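*Asks:* Model the structure of this input:
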Amino acid sequence: MIETLIFIVALLVAVVALYWIVLKSSDDKIAKQYQQLAERFELELNQPNPKMAGLLRPEPSVYGRYRGREISISVPGKGLQNTRQVETVLKVSVLNTSLTAQLAATGPLAGMRQRDSGGMQRWKSGDEAFDRNVDARTSDAARFSELLTDETRTWLAGNLKRSRATLYVGKKALAFAKLGLISNEAARRQFEAAAEFLCDLAETIEA
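*Replies:* Reported below is the predicted structural model:
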């Protein structure tokens with residue numbers, strides 16, 4: 001009986017140790033990407049300390065100003081749609097505007113990504129490639145049509161479809177939200193490109 005108990009305890013310790021090692025490795029990879037984001041955009045890096053002996057590791061975030069705008073990249077604390085899935089969210093400030101919109105990649109999960117569209121009807125641009133790849137909804141179709149140049153639609157059609165991300169146009173902020181964490185160079189570069197795109201879009205909206 002004692003031998004069985006010792007074996008069970010030893011097994012539990014081994015499982016916890018392995019879990020700790022995996023978490024530490026993943027945490028180090030994510031921290032490295034955020035460090036590079038902070039350096040790239042000259043932002044403040046927030047790296048919370050691990051809790052529960054390292055078994056709970058809050059995600060890092062960056063915040064500051066870039067191209068004259070407030071910008072942040074962080075992971076909201078709750079799961080998406082009450083699930084265990086998480087999103088990484090890039091936000092860029094924009095002057096107050098009445099325009100609101102949501103754009104998500106088309107496909108089986110488009111409805112879930114449009115969860116906050118507030119009943120807005122789908123808007124189509126007439127650009128076949130864009131409409132095939134992007135589910136766009138807006139509160140002001142005429143104004144929205146003016147904003148989406150050929151170059152803008154091409155970027156959105158390619159990047160939203162490839163990354164399965166969602167773009168939100170709010171009254172005071174633009175947001176690019178993507179499932180998962182920034183744990184590798186490819187994911188980091190997607191957010192770097194999105195930051196430049198959102199800053200360009202903010203300037204267009206304000207103009």
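*Asks:* residue contacts, residue 89?
*Replies:* By CB atoms under 8 Å, 6 or more residues apart in numbering, the contact set of residue 89 is 73, 74, 75, 76, 175, 176, 177. For glycine as for every other residue, the C-beta is placed from the backbone atoms N, C-alpha and C.
*Asks:* Now do the SS call for the closest residue to residue 191 other than its chain neighbours.
*Replies:* In space, and not counting its chain neighbours, residue 191 is closest to residue 90: 5.5 Å by CB to CB, 6 or more residues apart in numbering. What DSSP: H, G, I helix; E, B strand; the rest coil gives for residue 90 is strand.
*Asks:* Now do the contacts for the closest residue to residue 41 other than its chain neighbours.
*Replies:* Among residues not flanking residue 41 along the chain, residue 66 sits closest, at 4.6 Å (CB to CB, 6+ apart). By CB under 8 Å, 6+ apart, the residues touching residue 66 are 41, 42, 43, 92, 195, 199.
*Asks:* change it to 10 Å
*Replies:* When contacts are counted by CB atoms under 10 Å, 6 or more residues apart in numbering, residue 66 touches 40, 41, 42, 43, 72, 92, 195, 196, 198, 199.
*Asks:* Show the backbone phi and psi for it.
*Replies:* The phi and psi values for residue 66, taken as degrees, to the nearest 10, are phi -140, psi 130.
*Asks:* how about the CA coordinates for the helix or strand where residue 132 lies, as PDB?
*Replies:* In the assignment (DSSP states H and E), residue 132 maps to helix 128-133. These are the backbone C-alpha positions of helix 128-133, laid out as PDB (Å, rounded to 0.1, in the frame of the first residue of the first chain):
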ATOM      1  CA  GLU A 128     -15.200  39.800 -56.200                       C
ATOM      2  CA  ALA A 129     -11.900  38.800 -54.500                       C
ATOM      3  CA  PHE A 130     -12.700  40.900 -51.400                       C
ATOM      4  CA  ASP A 131     -16.300  39.800 -51.100                       C
ATOM      5  CA  ARG A 132     -15.300  36.200 -51.500                       C
ATOM      6  CA  ASN A 133     -12.800  36.400 -48.700                       C
END
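*Asks:* Direction included, what does whatever helix or strand comes next after it pair against?
*Replies:* Using DSSP H and E, the helix or strand that follows helix 128-133 in sequence is strand 134-138. Sheet pairing here is set by DSSP bridges, and for strand 134-138 it gives strand 101-105 (antiparallel), strand 122-123 (antiparallel).
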